[in-house]
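Undergrad: need a structure here:
(one chain, ligands or ions: 3)
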Amino acid sequence: MPRRIGILTSGGDCPGLNAVIRGAVLKGTEVYGQEFVGFRDGWRGMIEADFMSLDRTSVRGLAKEGGTILGTSRIGPYRTPEGQPDRILATLARNGIDGVIAIGGDGTMRAAHLLHADGIPIVGVPKTIDNDLDGTDYSFGFDTAVSVATEAIDRLRTTGNANHRCMILEVMGRHAGWIALHAGTAGGAHAILIPEHPESLEQICAWVTSVHERGRSPMIVVAEGFTLPGMTEAHSDRGLDGFGRPRLGGIAEVLAPMIAERTGIETRATVLGHIQRGGVPTSFDRVLATRLGIDVIELVARRQWGRMVALRGTDIVSVALAELQETKSVPPERYHEVRVLFG
Ligand SMILES: Nc1ncnc2c1ncn2[C@@H]1O[C@H](COP(=O)(O)OP(=O)(O)O)[C@@H](O)[C@H]1O
Ligand SMILES: O=P(O)(O)OC[C@H]1O[C@](O)(COP(=O)(O)O)[C@@H](O)[C@@H]1O
Ligand SMILES: [Mg+2]
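TA: Ligands and ions are numbered 1, 2, ... in the order given. Have a look, this model is predicted:
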């Protein structure tokens, strides 16, 4: 039975991370008598042996707390001499750490898979507000982000109606438009634009005009990764993130003047940004995150390294990290199901 376990949170933060930590620490300490440490700032803490001890007291009241008490980063393994697997194994051994729980998104799970293949005892817990992680029906953080985005749509509609304007809300979603799809559907958007399904400017303007002509204020929801035909990459003018990828954001501000010019309808853009990632998780996300934290301890107890806990229907199951596909995209039929309501 692994006795001393390290936990880390990596990648973009996500409401529910703390609830996972609490679920895992409470289950592990109470049921198996395990000890826990928390690596600070994701993989960096594991690589540099920068950790804090986690006990019952340190996870008190955490189910409802946004962010992560451990901090997160996009600093990864393999990039420095200390980040090589043999050095990581030695660091873990020196500190008496028998296994690692990595809580993160697609990137973190990819890194965890590589580390497992290189002999590091590691299991994963899926997190992402984007809901784009393969292998799990939903990830915690998504429901919170959708709730925040839906409220933003409701608010934008009243100001849009008052001023007879077209309103555009931009939400996160680098490769997948799940937040836009769900929030747009919940908020009754007149068009939802997502990375998986390009729409032409002509089509978008046709929807906007038809809404306006029947006396309503058009409401568009766009995911940050959406591209117009002819764009080879998602819009980015904000430099690179910690992992060297372009920081997305701003496509709503690109679309607004184009739509205004073509339709003659005054148009305003709002970029929701990190508001959808901060603050308290919804009760759905608290429950999901807590269950994943509890259940990942079973993987650890059975030494089922190289696996990730996941939600399948209403059950928590586990999947091999090696089997995860690149991205869980919005399937065409899910998009076309709501597209018939646009305009
Ligand atoms: N293929 C990879 N090899 C090594 N490390 C990786 C790889 N992909 C991601 N990582 C590390 O995991 C971190 C988290 O991934 P990222 O995509 O930024 O967030 P998330 O896990 O939320 O998707 C990255 O910033 C990087 O340090
Ligand atoms: O501002 P940051 O921290 O770079 O995060 C922005 C990114 O966070 C996300 O919500 C999640 O990204 P990761 O899962 O890769 O962390 C993306 O949709 C968005 O592009
Ligand atoms: Mg990612």
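
Undergrad: so who does E326 touch?
TA: Applying CB atoms under 8 Å, 6 or more residues apart in numbering to E326 gives the contacts D106, D134. C-betas here are computed from N, CA, C, even on glycine.

Undergrad: run through the strands of the chain in chain order.
TA: Using DSSP state E, the strands assigned to the chain run over residues 4-9, 35-39, 51-54, 99-104, 122-126, 166-171, 191-193, 219-223, 267-271, 307-312, 315-320.

Undergrad: can you add mean pLDDT, distance to ligand 1 and mean neighbour count and give those back as JSON lines?
TA: Output for the strands of the chain, formatted as JSON lines (pLDDT from 0 to 100; distance: least, CB to the nearest ligand atom, whole Å; neighbours: other CB atoms under 10 Å):
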{"stretch": "strand 4-9", "mean pLDDT": "98", "distance to ligand 1": "9", "mean neighbour count": "25"}
{"stretch": "strand 35-39", "mean pLDDT": "98", "distance to ligand 1": "13", "mean neighbour count": "23"}
{"stretch": "strand 51-54", "mean pLDDT": "98", "distance to ligand 1": "18", "mean neighbour count": "16"}
{"stretch": "strand 99-104", "mean pLDDT": "98", "distance to ligand 1": "4", "mean neighbour count": "28"}
{"stretch": "strand 122-126", "mean pLDDT": "98", "distance to ligand 1": "9", "mean neighbour count": "29"}
{"stretch": "strand 166-171", "mean pLDDT": "98", "distance to ligand 1": "16", "mean neighbour count": "29"}
{"stretch": "strand 191-193", "mean pLDDT": "98", "distance to ligand 1": "22", "mean neighbour count": "26"}
{"stretch": "strand 219-223", "mean pLDDT": "98", "distance to ligand 1": "16", "mean neighbour count": "29"}
{"stretch": "strand 267-271", "mean pLDDT": "98", "distance to ligand 1": "20", "mean neighbour count": "19"}
{"stretch": "strand 307-312", "mean pLDDT": "98", "distance to ligand 1": "12", "mean neighbour count": "22"}
{"stretch": "strand 315-320", "mean pLDDT": "98", "distance to ligand 1": "16", "mean neighbour count": "16"}
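
Undergrad: let me have these in TSV, adding distance to ligand 2 as columns.
TA: TSV is the format used below for these (distance: least, CB to the nearest ligand atom, whole Å):
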stretch	distance to ligand 2
strand 4-9	11
strand 35-39	17
strand 51-54	22
strand 99-104	8
strand 122-126	10
strand 166-171	9
strand 191-193	15
strand 219-223	8
strand 267-271	11
strand 307-312	14
strand 315-320	18
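
Undergrad: for ligand 2, what are the nearby residues on this protein?
TA: Counting by CB under 6 Å from any ligand atom, the positions of the chain adjacent to ligand 2 are 11-12, 105, 107, 128-130, 172-174, 224, 241, 247-248.

Undergrad: highest neighbour count among those residues?
TA: Of all the residues of the chain next to ligand 2, the most densely surrounded is I129 (30 neighbours; neighbours counted as other CB atoms under 10 Å).

Undergrad: list the contacts for it?
TA: G12, C14, P15, S139, G141, F142, T144, A145, M172, I179, Q276, R277.

Undergrad: can you tell me which of these lies closest to V37?
TA: Distance to V37 across the contacts of I129 (CB to CB) is lowest for C14, with 21.2 Å.

Undergrad: need the contact list for the closest one.
TA: Contact partners of C14, counting by CB under 8 Å, 6+ apart, are G105, K127, T128, I129, S139, F140, G141, R277.

Undergrad: which one is the spatially most central residue of the chain nearest to, not counting chain neighbours?
TA: By CA atoms, centre = their mean, the mean C-alpha position of the chain lies nearest to T128, the distance being 2.0 Å. Among residues not flanking T128 along the chain, G105 sits closest, at 4.0 Å (CB to CB, 6 or more residues apart in numbering).

Undergrad: contacts only, for the one you found.
TA: Contacts of G105 (CB under 8 Å, 6+ apart): G11, G12, C14, P126, K127, T128, D130, D132, L133, S139.

Undergrad: coming back round to it: include pLDDT when you put the contacts of C14 into JSON lines, please.
TA: Below are the contacts of C14 laid out as JSON lines (pLDDT from 0 to 100):
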{"residue": "G105", "pLDDT": "96"}
{"residue": "K127", "pLDDT": "97"}
{"residue": "T128", "pLDDT": "96"}
{"residue": "I129", "pLDDT": "97"}
{"residue": "S139", "pLDDT": "97"}
{"residue": "F140", "pLDDT": "98"}
{"residue": "G141", "pLDDT": "98"}
{"residue": "R277", "pLDDT": "96"}
